[in-house]
Each structure stands twice: as structure tokens, then as C-alpha cells.
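# kindly generate the corresponding structure for this input.
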Amino acid sequence: MRKIKTIRLWHVPPLDFGDDHQYSVGRDIVYQIPNTHIVCCCEAGGVNVRFGLVSVEKNKLSCLTCSFSTCCHTKIMKRIIGEGPNSPYHEMIYVMFHEDASGSLDKRTAYKQKVISFKKIPFFRSDGLAEGLRKLSQQHTILLPDLERCSHCNETLMEGDPIAENWIANEHAAVITNTSVYYSTVYYRPCPSCGSLSIFEGQSKCLLNLGTYLVGYDVLRSYLHSFLHGRRPLYTFYQTFCDVQMDYGNATIQYDFSYQRLRNAWIAFLNLLDINFNEGFSCPDCGGDNQPPETIICDGTTLSFQRRMWDWKEDENDREVLNLSASSFSDRVFIQDPSIRKLLQRYASNGELIRGKKFKKLKEEEKKKLFTGVQMVSTNLYSLLLEIEGDFSLHDIYRNLLLSLASPSPVCSSIRPKKEVQLILKAINEGAKIKENPKLMRSLHQEIPIIFEICEKSALCENVKNLLPELWTIAVQSFVDATEDSSNKEDVIHFDELSYFPSLEKYRNRGRFEKDKHLRQKDKEQYDICQKKYLGHPSLLPGIFTLFCPHGICYGFQVMESNESPNVPFTIMRSRFKKAPKHVIYDNACKLQDYCLNRDPCFFQHTEFYVDRLHWDNHTSCSISYNLSLYPQLSDINSQVNEQANAGLKRIKAQLSYMTANNFMNHCSLYLWYKNMKIKEQHDNIFDTV
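Predicted coordinates for the structure are as follows:
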């Protein structure tokens with residue numbers, strides 16, 4: 001094995017204990033490098049204190065720092081192993097020696113931290129909790145059973161005095177609070193019916209009982225506040241906690257309460273918190289529990305955990321390919337030839353800066369090619385271009401319409417196939433004086449803003465009127481042959497360890513589609529669509545994908561197994577929405593709509609896709625109809641609600657990045673639940689501040 005001569009260590013406690021702390025000079029300092037079989041150790045008290053890395057592989061010890069076969073570091077580990085259960089590091093060493101090559105414990109010998117406490121721990125403040133926390137300052141050297149009935153069979157426990165009967169569960173259990181460390185004798189009471197032992201549970205005195213030691217709720221709630229509001233990882237909290245304990249004169253704190261013990265206590269505390277996640281992950285203004293919002297704002301963020309911390313398995317579900325008669329790209333766009341689209345885009349921009357991108361003016365020979373190509377596609381568009389050439393002052397009025405027609409976006413993104421749009425087009429075709437009809441004008445502004453701005457300038461010419469029915473035909477064509485998914489809903493796979501949407505149960509499986517094959521590079525070039533690029537991380541997963549309602553409530557998150565793509569929001573909507581949302585606001589909405597129409601157009605027929613205001617200027621190729629700012633009925637929506645929430649998630653990135661998958665999901669859900677409840681509190685005053 002390669003020797004490591006120099007390595008940067010971050011799990012190093014202060015070594016200068018001073019004269020008042022000679023108690024620890026004889027204690028070994030040992031820390032496990034997270035998620036490895038490597039231990040960092042040193043013998044405190046020596047003149048030249050030197051840390052070493054000892055590998056525990058196949059029940060053998062080898063030092064990665066020293067070049068000798070046996071050294072002081074391996075001797076430290078052998079001495080600790082020889083101490084057995086009496087060593088404060090026994091739990092850590094036991095796990096490392098009994099873990100197999102795959103990283104899992106042998107079920108026959110696996111050590112699992114015993115948690116005696118089982119009652120749900122209140123999250124919200126109460127008078128009872130406050131009183132219990134205040135009483136933690138009192139030292140209880142005797143802890144008697146606090147249950148009257150057996151937690152297993154519900155029978156009355158055996159009568160008698162546990163002290164007189166010598167019913168001792170632990171004669172020397174450490175009790176750790178924010179300001180003290182002391183030892184107590186823990187008693188049990190046997191059950192005459194089933195024979196089980198009911199040990200002191202702990203909640204009556206605000207203590208979490210973990211068998212060999214007990215931790216006060218004050219310690220664990222201190223980290224709870226730190227996690228929800230700050231940026232401190234658990235180990236940083238532990239270091240601070242130890243320093244405070246030493247200020248109180250608790251000199252043996254690192255021996256009595258190791259970091260591993262704190263970690264075990266926190267995980268147990270987190271699992272016992274009494275939280276209704278369904279209540280937190282739903283918005284009462286959007287339908288409440290089990291009712292998805294009509295408008296969703298979604299995006300991804302780079303908060304995740306290590307790839308190797310997840311047991312990757314091939315997806316055996318959805319093997320049957322669904323063919324729902326999806327339309328093709330060429331059937332959805334107005335101009336199929338990409339070269340003609342690019343020429344029309346340059347003609348519409350006329351050499352000006354459009355969404356941060358400047359296009360060259362057309363040369364005369366290029367203009368002739370454009371007009372020839374357009375004439376073959378649409379005589380109405382050709383006539384409109386001739387009209388613009390006759391009076392070039394019309395160019396700016398029709399620019400957005402031309403840019404939309406020149407984009408690779410589906411026509412249905414601009415002319416949506418819905419009854420309201422059909423009525424507007426019918427009124428225009430019948431010669432209605434739109435500008436003199438406020439109701440019709442308002443409806444036009446809300447449904448077809450690129451035509452509204454033309455009407456507003458009194459420039460709705462006959463060529464545009466004749467072009468609109470042509471656009472309607474193409475928009476509707478995308479859904480004419482679309483078929484609804486009739487797969488068996490009873491086969492839904494509800495459990496997904498990397499997905500968390502407590503108020504949105506799975507309604508159907510995602511399904512496999514013919515279009516799920518990867519696009520070839522030349523296909524991407526032909527489509528000329530907006531691309532979203534990612535640098536990625538060498539060892540962490542790409543991140544999580546969150547879904548919010550307009551009121552700022554997060555409905556859940558999905559861990560992304562690969563770089564963010566339209567597949568993630570598509571899978572969430574198709575599997576967890578009985579009916580597709582009415583509005584989808586996403587920074588890559590243009591590509592998402594294409595992705596949806598390629599697979600299940602019937603499901604997404606009435607869904608409107610928009611790009612949020614923050615990212616709109618980055619979209620230089622898609623239709624201007626994706627611009628959320630064009631729609632007055634959506635002007636009150638905060639399209640940055642997801643970005644703002646993701647900025648808050650960065651505060652817990654250091655804590656979560658190197659957790660196991662299960663711990664990551666638990667911590668992430670707790671943080672998002674708390675933020676949701678704080679938003680609800682601002683409106684409804686649901687609970688007192690935690």
C-alpha cells in the first residue's frame with residue numbers, strides 16, 4: 001500500500017491542554033476519517049505529538065504515515081482494541097472490523113447503537129419542555145423506570161422497588177447536558193407477561209437514553225438550532241461543545257462523550273422528532289394535503305452527497321416501452337429548415353442586440369435565399385416580409401413575431417391550443433375591432449402577447465390575420481394523434497429512496513418511451529435549442545431538484561443521479577401529478593416542453609411553460625413566448641422563489657455533502673420543512689418560533 005508522507009487533517013482537537021488538564025495527557029486521541037476504514041490517531045502527552053493514519057483492512061492494522069512495520073500508531077490501536085467495551089472507541093472499532101468489502105455490516109455480528117428512548121420528542125416549544133430543560137441543571141444519580149406499562153405487550157409492569165430488587169440496567173451511565181457531565185445508575189422494571197425489561201426511557205427528564213450514556217435535550221436542541229440557522233457542521237459544534245464543557249471544569253468530556261457518541265445521539269434524536277411532514281410540505285392556498293399546485297416553480301441546486309454512499313442498482317421498473325403517438329420536432333416548428341430559421345432570425349434582429357446576442361445583418365444574396373425559402377414554407381409569411389420590405393418602419397413592430405417563427409420552439413408555445421385562444425382567433429378572423437374591445441384586448445394580452453403588441457400599435461394587417469389560422473393548425477397538430485397512457489395504475493412503485501414528496505404520492509410510474517434514447521450530436525445541432533451546461537463535481541452527485549408553489553412552499557425534492565436535465569421535472573410531474581400543472585416556471589422551460597411533447601403530449605397538452613425572469617436573458621434561441629414577463633396575469637408570481645430558497649440550502653452544504661444517503665434525506669427534509677413552516681408562520685402564526 002502506498003505510504004502517505006504528508007496529509008492535511010481536519011479532525012484534530014487542540015493539543016495544548018495546559019497544566020489544569022493533565023487528566024487527558026494519558027488519553028489516546030482517535031478519530032475515524034468519515035466513510036473510510038482509516039483512523040487518525042496520536043498518543044497525547046508526548047514531547048513530539050505526531051498524528052498518524054492507520055488503515056483497518058481485513059482485520060489487519062497498517063500505518064499509512066510511518067514507514068515501519070510497527071509504530072506508535074499501530075500500538076495505540078492495538079491497545080484500544082485490547083480494552084474492548086471499556087474503550088470509548090469500542091463502537092467505532094467494532095463497526096470497522098465487521099464491515100465487509102461492500103461497505104455493509106455482517107448482519108450476524110453487526111454492532112448497532114442501542115437506543116432505549118422510543119417516545120416521540122416534541123419539536124415545538126411548550127411550557128412542559130421549558131420546565132424539563134430547566135431541571136436538567138439538577139443531577140440525577142439514580143434514574144428509575146418512568147413507564148407503568150410494557151411498551152411491547154402493554155401489560156402492567158412488575159411491582160416492587162427497583163433499587164431494593166437490584167434491577168440495574170447500567171450502573172455507570174454517563175449523563176451529558178450543556179453544562180455538566182456526571183454518572184448515574186439506570187434501573188429497569190421487568191414485565192411479568194412477556195419478560196421484557198422496561199428501562200428508564202428518558203423523556204420525563206428530557207434525556208435521550210442510548211443505553212451506555214444519556215444526552216440531555218438541551219445539547220441536541222442546541223445543535224438543532226445551529227443546523228437550521230447556521231453553517232456549523234456537527235464536528236465543529238462538537239469542538240465548541242467540548243470547549244464550553246472544559247470552561248465548566250468538565251475535564252474528561254472528550255473521553256465521556258466522544259464525537260461518535262454525539263453523532264449517534266443526534267441521529268437518534270432526529271429520528272424521534274415529532275414532525276408532521278405532510279403538513280409542512282403542502283400549501284393551504286394551493287389545495288392543501290395531497291393536492292398538487294396548479295403553478296409550480298422548479299430548479300436544481302448543487303446540494304448532494306457522495307456517489308459512493310448510494311447502492312446503485314439497475315432500474316428494473318418500466319421495462320415496457322410506451323408509445324403514446326408523440327409528435328416529431330419537425331411537425332411542431334413553423335420552419336423545418338434550420339438554415340432558413342437562422343436567416344429569418346438575422347433578418348428580424350437587423351444587426352441589433354437581441355437578448356444579449358448580436359446577429360449580423362443579411363447580405364443581399366442571403367436575403368434572396370431567405371425569401372425563396374420562406375415562400376416555399378408559407379405564402380402568408382412571405383407576403384408579410386414583402387410588406388415589411390415596402391415599409392421598413394413595420395420591422396420593429398413585427399420583430400418579436402418573426403423571432404418566434406424563426407425559433408426551434410414548437411408553435412404551441414406561442415399559440416396555445418386552448419379554447420380561449422381559439423375564440424380570440426375566431427374574433428380576429430371575423431373582423432372584430434379588437435382595440436375597441438377592452439375585454440378581447442385583455443384576453444389577447446394574456447394569451448398571445450406577441451400578437452397583442454402588434455394590435456396595440458394598430459398594425460394587425462391582413463397578412464398577419466391570414467397567418468394566424470396557419471399557426472393554429474400547426475399548434476393543434478401536435479396533439480391530434482396523441483393518446484392517453486392507459487397503463488395499469490396498480491403497478492405503481494411508490495417507494496423511492498432518493499425522492500421526497502410527502503404530500504404528493506405517486507400516481508403512476510414514469511414510464512419508458514421511444515424517445516428516451518440519447519440525442520445524437522448532429523440532432524442537437526439541427527434543433528438549435530437552448531442548452532444548459534454543468535461542470536459537475538468529481539465525487540458528489542449533481543444535486544437536488546426542488547419544486548415550489550408560488551407562495552414559497554417547497555413540495556419536496558428529488559436527488560439527481562445525473563446532471564440536471566428535463567427528465568427530472570418530467571418524471572416528477574408525470575409520476576406525482578394526476579393532472580399536469582397549469583403553469584410550469586423553470587429556467588430551462590423551452591427544452592422541458594420539447595421533452596414532454598416528445599413523450600406524453602396528451603398529458604401536457606394544457607400545460608403552459610415559462611422561463612423565469614432571472615434566466616430569461618440567457619435564452620437566445622427559443623421563442624419569446626416563454627418570457628414570463630409578457631403575461632400580465634402572472635406578474636405577481638415571484639419566479640425567483642426557488643433560487644432564493646436554494647441560496648439558503650447552501651448554508652447546510654458543508655453538513656450534508658459527506659453523509660450517507662439516508663442521513664442526507666433526513667437532514668434535507670428537516671431543513672426544508674422548517675423553512676416551509678416559517679413561511680406559514682408569517683401568514684398564519686401557526687407556531688411560536690423554534
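# share the number of residues neighbouring the residue lying closest to Tyr626 once chain neighbours are set aside, please.
Excluding the flanking residues, the one nearest Tyr626 by CB to CB, 6 or more residues apart in numbering is Val611, at 4.6 Å. Any C-beta I mention is one placed from the backbone N, CA and C, and that applies to glycine too. Per other CB atoms under 10 Å, the neighbour tally for Val611 reads 25.
# repeat that for the one 3 residues further on.
Here the neighbour count serves as a burial measure; for Leu614 (other CB under 10 Å) it reads 14.
# same check on the one 10 residues further on?
Using other CB under 10 Å, Ile624 has 21 other residues around it.
# just give the closest residue to it, not the sequence neighbours.
Nearest to Ile624 is Asn400, by CB to CB, 6+ apart, at 5.1 Å.
# and for Leu322?
Gly511 (4.7 Å).
# repeat that for Glu420.
Glu420 sits nearest to Glu447 (CB to CB, 6+ apart), 5.5 Å away.
# surely the one you found is in contact with Gln422?
No - the criterion here is CB atoms under 8 Å, and Glu447 misses it with Gln422 at 9.9 Å.
# look at those two and report which has more neighbours.
Using other CB under 10 Å, the more surrounded residue of Glu447 and Gln422 is Glu447, with 21 against 15.
# what pLDDT is listed against the more buried one?
The score at Glu447 is 96. That number is its pLDDT.
# same question for Leu144.
94.
# quick one: Met560 and Pro542 touch, right?
Yes - Met560 is within contact range of Pro542, at 4.5 Å (criterion: CB under 8 Å).
# what is in contact with these two at once?
Gly300, Ser304 (CB atoms under 8 Å, 6 or more residues apart in numbering).
# tell me how many other residues surround the residue lying closest to Gly280 once chain neighbours are set aside.
For Gly280, ignoring the flanking residues on the chain, the nearest one in space by CB to CB, 6+ apart is Trp673 at 3.9 Å. By the measure other CB under 10 Å, the count of residues near Trp673 is 22.
# and Trp673, how far from Glu514?
39 Å (CB to CB, to the nearest Å).
# could you pull out the strands for the stretch 201-350 of the chain?
Along the stretch 201-350 of the chain, the stretches classed as strands by DSSP state E, counting those that start in this stretch are 207-209, 213-216, 273-274, 295-301, 321-322.
# most tightly surrounded among these?
A comparison of those by mean neighbour count, using mean count of other CB atoms under 10 Å, puts strand 207-209 on top with a mean of 27.
# need the contact partners of it.
Counting by CB under 8 Å, 6+ apart, residues outside strand 207-209 touching it are 115-117, 121, 136, 143, 175, 186, 199-202, 214-217, 220, 265, 268-269, 272.
# repeat the analysis, applying 6 Å as the threshold.
Applying CB atoms under 6 Å, 6 or more residues apart in numbering, the contact partners of strand 207-209 are Ile116, Ser117, Gly202, Leu214, Val215, Gly216, Ala265, Phe269.
# try stretch 644-662
Pro34, Arg231, Pro233, Thr301, Leu303, Phe305, Met309, Trp310, Phe664, His667, Tyr671.
# what residues sit buried inside that stretch?
645-646, 649, 651-653, 655-661 (16 or more other CB atoms under 10 Å).
# Glu159: which of those is nearest?
Among the buried residues of stretch 644-662, Thr660 lies closest to Glu159 (CB to CB), at 44.0 Å.
# any idea how far that closest one is from Thr185?
In terms of CB to CB, Thr660 sits 35 Å off from Thr185.
# ok, the residue nearest to Leu322 touching Ser486?
No - using CB atoms under 6 Å, Gly511 is not in contact with Ser486, being 11.4 Å away.
# the more surrounded of those two?
Gly511 (19 against 8).
# any weak-confidence spans in the stretch 351-500 of the chain?
Within the stretch 351-500 of the chain, the stretches with pLDDT under 70 are 487-490, 494-495.
# that one: strands as residue ranges?
Counting by DSSP E, counting those that start in this stretch, the strands of the stretch 351-500 of the chain are 353-354, 357-358, 499-500.
# what's the closest of those to Cys66?
Judging these by CB to CB, what sits closest to Cys66 is strand 499-500, at 45.4 Å.
# sheet-wise, list the partners of the helix or strand just after that closest one with their directions.
The helix or strand immediately downstream of strand 499-500 is strand 512-513, counting by DSSP states H and E. Using DSSP bridges, strand 512-513 pairs in its sheet with strand 321-322 (parallel).
# phi, psi of Thr177?
The phi/psi pair for Thr177 (degrees, to the nearest 10) reads phi -120, psi -180.
# same check, this time on Ser55
According to degrees, to the nearest 10, Ser55 has phi -90, psi 140.
# shouldn't it be in contact with Cys63?
No - using CB under 6 Å as the test, Ser55 is too far from Cys63 to be in contact (7.7 Å).
# still on that earlier bit, do you know how far the residue nearest to Leu322 is from Arg574?
From Gly511 to Arg574 the distance is 7 Å (CB to CB).
# buried stuff in the helix ranked longest in the chain?
The helix that spans the most residues within the chain, counting by DSSP state H, is helix 661-684. Judged by neighbour count using 16+ other CB under 10 Å, the buried positions of helix 661-684 are 661, 663-677, 679-680.
# now stretch 338-358: buried residues?
For stretch 338-358, by 16+ other CB under 10 Å, it's Ile340, Arg341, Lys342, Leu343, Leu344, Gln345, Arg346, Tyr347, Ala348, Ser349, Ile354.
# ah, wrong one, I meant stretch 563-571
Glu564, Ser565, Pro566, Asn567, Val568, Pro569, Phe570, Thr571.
# phi, psi for the fourth one please.
Main-chain torsions, Asn567, degrees, to the nearest 10: phi -60, psi -30.
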